[in-house]
Structure formats: C-alpha cells, structure tokens
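**Q** Turn this into a model:
(one chain, ligands or ions: 2)
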Amino acid sequence: MAQASQDSQASSSSSYSLSASAASSESCADRADSATAASFASAHLDEATRTVLRYQAHADATADAPTRARVLSIEGSDPIGGAGTMADMKAFTAHGVFGYAAMTCVCAQNTQGVTDIVNMEPAFLRAQLDSVADDGRIDSMKIGMLGTSQIVDCVRDWLQALLDDYARRGLPRPWVVIDPVMYAKSGDSLLTPDAEEELRTILPLADIITPNVPELAALVHADAAPTTWDGAVLMARRVAEELGVIVYAKAGMFALSGAENSDDSPAVAGPAPAGADAARTRGTGANPAPACDDALIIPAAVLDRLADAEKATGGIVVNSAPAPTRTDLASRPGTAADADTATRVITLPGRRVATVNVHGTGDSLSASLAALRPQYASWEETARAAKDWMTGAIAAADGLHVGHGHGPIDFMWMAPPTARTFTDDYWTQVRGVRERIREMPFIQRMLDGTLDLLDFSFYLHQDDLYLTDYSSLLALASVRADTLHDRTFFAHAAAGGVDAEVSFHGQWFVEHGFSPEPQTMSTVTAAYIGHEHRVADSGSYAQLAAVVMPCFWLYGAIGLDIMKQAADRRLDLDSHPYGAWIRQYSDTSFNTSVARELAVCNRLAREGSRANYDAMMDAALISSEHEYLFFNQGIDRPALVR
Ligand SMILES: Nc1ncnc2c1ncn2[C@@H]1O[C@H](COP(=O)(O)OP(=O)(O)O)[C@@H](O)[C@H]1O
Ligand SMILES: Cc1ncc(COP(=O)(O)O)c(N)n1
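**A** Ligands and ions are numbered 1, 2, ... in the order given. Here you go, the predicted model:
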C-alpha cells in the first residue's frame, strides 16, 4: 500500500498540488508543447535555465488555480482551543489556507487534562468525511487523534478510497500528514491500547508522519521511550525505513524536561530573539540560546521516487519547483548520510523556549506541515518553515494566560496583540523612565526654584536645536502619512506647535539676559536626533510616527505632572523664577495634539504585523530613553558636537 501511494505521488510529479490541479485542465496541445520543451531542455539547457523554465511552466499551469489551498483536518476536539480540531483550524488560518474539518471525537479537555471522550460512530465519521470529499477538492490533509481501532479503520478505508478516486480521475494526490496521536501533554491516553497496532496500518498512506518521542517508542515496540535525542532519531529512522514514509521527529519532550538536544549549541540561555528570527540566529554567534532541533528523516525509498520523478520528465517537472534529489539533500549542511541505508537525516534547527505552555504543539506542527506543503517546493522547505513558525508561536505562548496547566501556543503570534493597545503597552513599558524623569534633579530643582539659570538656558538652547530638527521629522511624517487625517495632523504639528515653542524660548532668553543666538549642539541632542533620523530613513511610516511619539506624550505628561506638583506645593507662580515656564509647560492645549498622535500610533500598530508593532515599540522606547537624557543634560552637561 505504501509503495502504491508514494508512487502515485511521484508520478504526478507535483511539488505544488494546486499547480498540478490547474495542469489537469491543460489542453492537449499545451501538453505536447511541454513534452517537447522538456526533451529540448534536457538535451541543451543548463540547470539554471531549466529552473527558470520550471518557474514559467508553474506560472502558466497555476493561472486558473484557486487563491488558497484547501486543507482538511481529521481530528478530535478541544474546547479550550489549543489542540485538536481547534488548533488545526487556527494554524490553517494563520498559514493562509482554507480549512475543512471532520471530527473523530468530542473531548472534554483543557490545559490540565482530558476528563471525557465521546467517539464518533464510524458511520457518522464516514458521513462527515464523505460530505467534505463529495463537495470540496482536497489539496492537503492532516490526520490526528483517531482514538479507537474502529475509527482508524474508518479513516484508512475512506482515505484509500479517496486516493484511488483522485488517481482514477487524474487529480493530484493530496498531501497527507499523519500525526500518530497516542498521548496528550497531560499524560492522558488518546488512543485505546488495542488501536496502537491498527494505527500502523494507516501510516503508510501518509507522505509524512509526526510522532513525538513516546509515540516513536510505541511504533517500534520499544519498552521505554529513548532518553537521548540521538536515540530518538535512531528510532525515527527505523520507523521511516519500515513504513517507507518521511518521519518528522520532534524534540518537544526534551525541551519540556529542560534538556539540550544539540551538541553544537552553547548551554547559556541568553535573551532570546522572538519567533522565527530565533531559529535563524542559532549558530551565528548572536543571541545564543539552548537548542530544540527537530529532524526530518527521509528514507531511501522516498528519495529514489523523487529522483525518478525528476528523471522521468527530463528535468522539467511541469507545475513543480525542483524536488530534492539524493545529491541535493546530501550536499546540504545539517544533512547526515548513512552509507548503508542512504536514509537522509536533515536537522531542523530551532531554539528551546523555556515554557510549560505547549498544549497542542504536536497538532499545530502537523497542521502547519499540511497547510504549508502546497506553498513550498519540498518537504524540507516546508518543514523548516513550519519549525520556524512553531518556535515563534511557542515563544509567544506565555502572553496568552489561558488555563492553569500546559497552556496553548499563540497561533496569532505574527499579528499584533489585541487585548491592549499599543499605547497601553508603551505606557506600561516606560513606567521606569517616567519615574526617573519625575525624580530627576533638573525637574525637582526647577520646581523648588533652585535650578541655576545657566543650566536652564543650556537646556532651552538644546531644546531649540532639537525642535528645529524635530519639526522636519513631523513634516516628513506628513509627507509619508497614509491618510489625509494623518497628513494634516503632522503638517499642523510641524508648523504650529514647534514654532510657538521656539518663540517662547526666545522671549525667555531675552528676559533673563541670555543670548537667543543658536548654540552648539550637545552630543545628547545629536544622539536623540540621530536615532529619530535613522528610523525615519530606514523605517516605515508607522515607525516614524512611533519614534516621534514620546516627545509628544512624555513631554505632555511631564507638563501635567509639574502642574500637579506645583499645585500640591502651593507654588506662587508669579514670584517663582520658573513660574512663566511652569505655566507654559502646563498648558493643556498641547494635549489635543498628544491625543491625536496617540490615536495615530494605535491605528498604525493595529493595522500592521507583529513585526511592525515590535519595530514601532523599539523606536518609541529608545526615544523615551533619549527624552530622559535630554532633560538630564541641563545638569549633567554632556560634550558638545564640534
Ligand atoms: N519548549 C519548546 N521550545 C521550542 N520548541 C518546542 C518546545 N516544545 C515543543 N517544541 C516544538 O513543538 C513541536 C511539537 O513537538 P512536541 O511538543 O514534541 O509534540 P507533541 O505535542 O506531539 O508531544 C516540535 O517542533 C518541537 O520541537
Ligand atoms: C483532540 C486532541 N488531539 C491531540 C491532542 C494532543 O495534544 P498535545 O499532546 O500537544 O497536548 C489533544 N490533546 N487533543
């Protein structure tokens, strides 16, 4: 059965199932052209040119393809929303595919355990599966918890019939990912003991299976689960070779126990980069983090079929990006070859996230593989993409606060958070900066009237230099604004506010006997302006809006705070040396602009990606540190720029 299913996959020669479905509507003349092109290409063209031709053929063949792959989940439910069907649908949506779902059982479970399971009558499950298959084309599927041997039989028979039917009708074979679910993270059993043997009968129908470490042990009838990663990979190789399917071996069990599974990674837990970047920075020396590498094990039988498929089409696999060949895989870093069996073991690097919130990680990974395979050219690329996505989703899990046991992962980690706004988050994160500014000697001495006028005039001169430049940044924000509202807001801010402030400073200089002439810029002022310009030059409009925000908000907030402190101390502003300035600073009309700027930032943070949100936050937080240094320079005089 294994041989037949894999061969039918190979003969469709499809790395993109969507593309192959479009190809089935190709005219005979087109097919003849492709065949001629193929033999011409294999005879005359170099590899790069043939690759370009593959791209052209793929583009032509997918011209009428649907916008999204259609992916089926066959799973049990999880009302807490972290595993099973619910995990699959969330992962499908996160990966941009359209999800179908047939339920094998309904589970009463949460992050702490499984309390009850109602299995579907096999006949009713079959009715669900037929409902999908009769009405919708399936490009890819993920099969998870099957529960009982009757359900295993039902799904296996349906799947075999579907694959036969697709083959008969010349339709591309759907990608099949099977997660041989036996146990939940909580330790609860999700498969009746008598069904373990039955489960083996469906696995050869898969392209790829994703057992965790205890499931690997069960599949090879080992008495105990391996205690080392090398032992797990060895077992995974046995399973791959016996079943003739690719095995994705998962290291989650070792991650949960805190063990490293890779020799080459430093054992220091540094501040880990978030998400996909985390996986990629390993081995570069940046942000060393403990490893959680997975492995993709491709048995020789599968490699041979992939290579044969390529040979059969003379190197042009119509509707397909190049499939990996033996030499291809063997020459890649992280690929180990075994002289005896020629099985390939590909390391999928990742970093370990220190969390207990891994409910549904196995489901999410297998669903991701099914969703991503139609979008990538090979299982290797698919697996790397799925692994990176999983690391990001696990890294964001602790923020969810769902459940008291093993909490779910954050399927939406690539989107900005929604429970709090960007400005809520920013305000909390700058609490320390706000306190430091409030307590700083410059502000306190100004309030009690002991601040040296020279120190204050130094600060005001720097403020003038800063504001002149700042107004150009606001004007730039106006030019780059994406709505008319933002454009006019920044244009007014650039013109009005800054102008008024500078002329008020000029008045103060004259009244207090200081020259209003521009002074030399300090290194502190230059550093703040430099940061804002760097963001303006290389960042997005959203980042530009965020980098100028602290000057609005922190300045406005300090003004309110000074007003409150002055009132609490019952200061007589008419006789106070800084009375006029305190009045000006406490002018709440400025808060109209602050409020509008905050609304602009929240909109831009909400509408963009998580990466945009984080970049906006970084820009604003760095500006906030500069705000502190800026006030502080009145007293701790920095060097001047020459
Ligand atoms: N703490 C962790 N840090 C990083 N990745 C993890 C962690 N725990 C699990 N993973 C990853 O999650 C995916 C699912 O693995 P695993 O948790 O072992 O599956 P299962 O849920 O079937 O036991 C794998 O890619 C694994 O490497
Ligand atoms: C319906 C269903 N399917 C699978 C799992 C395994 O999830 P995990 O072991 O990752 O918690 C689960 N708990 N529930």
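**Q** tell me which residues in stretch 156-164 are buried?
**A** Using 16 or more other Cβ atoms under 10 Å as the test for burial, stretch 156-164 gives 156, 158-159, 162-163. Bear in mind the C-beta positions are built from the backbone N, C-alpha and C, glycine included.
**Q** any low-confidence regions in the stretch 351-500 of the chain?
**A** 497 (pLDDT under 70).
**Q** so which of the buried residues of stretch 156-164 comes closest to residue 60?
**A** Closest to residue 60 out of the buried residues of stretch 156-164 is residue 163 (26.9 Å), distances taken as Cβ to Cβ.
**Q** What is the subsequent helix or strand relative to the helix or strand where residue 382 lies?
**A** Assessed by DSSP states H and E, residue 382 sits inside helix 379-395. Moving toward the C-terminus from helix 379-395, the next helix or strand (DSSP H and E) is helix 422-429.
**Q** Count residues in the vicinity of residue 118, would you?
**A** 12 (other Cβ atoms under 10 Å).
**Q** So which residues on the stretch 351-500 of the chain come close to ligand 2?
**A** Contact residues (Cβ under 6 Å from any ligand atom) of the stretch 351-500 of the chain with ligand 2: 359-363.
**Q** Mind checking which of those are in helices?
**A** 361-363 (DSSP state H).
**Q** Just the closest of the residues of the stretch 351-500 of the chain next to ligand 2 to residue 395, please.
**A** Relative to residue 395, the closest of these is residue 361; by Cβ to Cβ it sits at 12.0 Å.
**Q** picking that back up, from the buried residues of stretch 156-164, which land in helices?
**A** Judged by DSSP H, these include 156, 158-159, 162-163 as members of helices.
**Q** closest to residue 55 among these?
**A** Closest approach to residue 55 among those (Cβ to Cβ): residue 163, at 28.8 Å.
**Q** residues touching residue 209, list them.
**A** Applying Cβ atoms under 8 Å, 6 or more residues apart in numbering to residue 209 gives the contacts 177-180, 203, 239, 243, 245-248.
**Q** would a markdown table of those with pLDDT and neighbour count be doable?
**A** As requested, the contacts of residue 209 are arranged in a markdown table below (pLDDT from 0 to 100; neighbours: other Cβ atoms under 10 Å):
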| residue | pLDDT | neighbour count |
| --- | --- | --- |
| 177 | 98 | 30 |
| 178 | 98 | 27 |
| 179 | 98 | 29 |
| 180 | 98 | 27 |
| 203 | 97 | 24 |
| 239 | 97 | 22 |
| 243 | 95 | 19 |
| 245 | 96 | 25 |
| 246 | 97 | 26 |
| 247 | 98 | 29 |
| 248 | 98 | 26 |
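**Q** In strands only, show me these.
**A** 177-178, 246-248 (DSSP state E).
**Q** can you tell me the helix or strand for residue 138?
**A** Using DSSP H and E, residue 138 sits in no helix or strand.
**Q** Residue 67 versus that one, what's the distance?
**A** Distance, residue 138 to residue 67, by Cβ to Cβ, to the nearest Å: 16 Å.
**Q** before we move on, what about residue 599?
**A** Distance from residue 599 to residue 67, counting by Cβ to Cβ: 34 Å.
**Q** One more: residue 617?
**A** Going from residue 617 to residue 67 by Cβ to Cβ gives 33 Å.
**Q** one step back: put together TSV for the ones in helices among the buried residues of stretch 156-164, with pLDDT and distance to residue 45 on each row.
**A** Formatted as TSV, those follow (pLDDT from 0 to 100; distance: Cβ to Cβ, whole Å):
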residue	pLDDT	distance to residue 45
156	98	44
158	98	44
159	98	39
162	98	38
163	97	35
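**Q** And those, which is closest to residue 216?
**A** Using Cβ to Cβ, the shortest approach to residue 216 within these belongs to residue 156, at 20.5 Å.
**Q** list the contacts for residue 371?
**A** Applying Cβ under 8 Å, 6+ apart, the residues near residue 371 are 69, 71, 91-92, 95-97, 140, 142.
**Q** got any ranges where the stretch 151-300 of the chain has weak pLDDT?
**A** Residue ranges of the stretch 151-300 of the chain with pLDDT under 70: 258-289.
**Q** Point me to the residue of the stretch 1-150 of the chain nearest ligand 1.
**A** Nearest residue of the stretch 1-150 of the chain to ligand 1: residue 83, at 8.1 Å (Cβ to the nearest ligand atom).
**Q** try the stretch 501-642 of the chain
**A** Closest to ligand 1 within the stretch 501-642 of the chain is residue 610: 17.9 Å, counting by Cβ to the nearest ligand atom.
**Q** got the contact list for that residue?
**A** Shown in contact with residue 610 (Cβ under 8 Å, 6+ apart): 275, 413-417.
**Q** I'd guessed residue 519 sits against residue 466; true?
**A** No: contact criterion Cβ atoms under 8 Å: residue 519 and residue 466 do not qualify, at 11.9 Å.
**Q** Mind checking which of those two has more residues around it?
**A** More crowded of residue 519 and residue 466, by other Cβ under 10 Å: residue 466, with 22 against 16.
**Q** Let me see the backbone angles for that one.
**A** Phi and psi for residue 466, reported as degrees, to the nearest 10, are phi -60, psi -50.
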